[in-house]
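J.: predicted model and sequence follow; I will ask about them next.
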Amino acid sequence: MLKNERTDIQTYGIKSVINYPSLDFLPILKKIQSREIKGQGGFDYILLRYLYQAIVQYKNESSRNILENTISNVNESAKTYHYEYVWLAVKKYPNSIYKGIIEELNYTDYEIKNLE
């Protein structure tokens, strides 16, 4: 499912990874994230939401690097959505490995209130 080109089918695989985060899937999630941060061809908001929730399940340096890559390299037109879903994932599944990620998003207090 994760390797399927259709994002709606990939989403089903990503939802599975949230519950069963095998390290075998992390490179595939990274590939999906790399494609999505370019923001070409529109956005699949559902896929993005679950993508970051799946990534944070790994709780390791590789997953942190993927989140930092998002913050540093996301296409400007896609930034709003990726930042929001990174924030949501880190808040929903907190872990000390992700300390500082929320701050890197540079949200104002007002924006955080709206996200909450």
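T.: Perfect, thanks for sending it.

J.: what about Ser16, distance to Asn4?
T.: Using C-beta to C-beta, to the nearest Å, one gets 13 Å for the distance from Ser16 to Asn4. Heads up, the C-betas are built off the backbone N, CA and C, glycines and all.

J.: neighbour count winner among these two?
T.: More crowded of Ser16 and Asn4, by other C-beta atoms under 10 Å: Ser16, with 16 against 12.

J.: doesn't Met1 make contact with that one?
T.: Yes - judged on C-beta atoms under 8 Å, Ser16 makes contact with Met1 at a distance of 7.3 Å.

J.: buried set for stretch 74-92?
T.: 74, 78, 81-90 (16 or more other C-beta atoms under 10 Å).

J.: least confident pick among those residues?
T.: Ranked by pLDDT, these bottom out at Ala78 (88).

J.: quick one: Leu67 from Tyr12, how far?
T.: As judged by C-beta to C-beta, Leu67 and Tyr12 stand 23 Å apart.

J.: the two: which is more packed in?
T.: It is Leu67, of Leu67 and Tyr12, that has more neighbours when counted by other C-beta under 10 Å, with 22 against 14.

J.: that one in helix, strand or coil?
T.: helix (DSSP: H, G, I helix; E, B strand; the rest coil).
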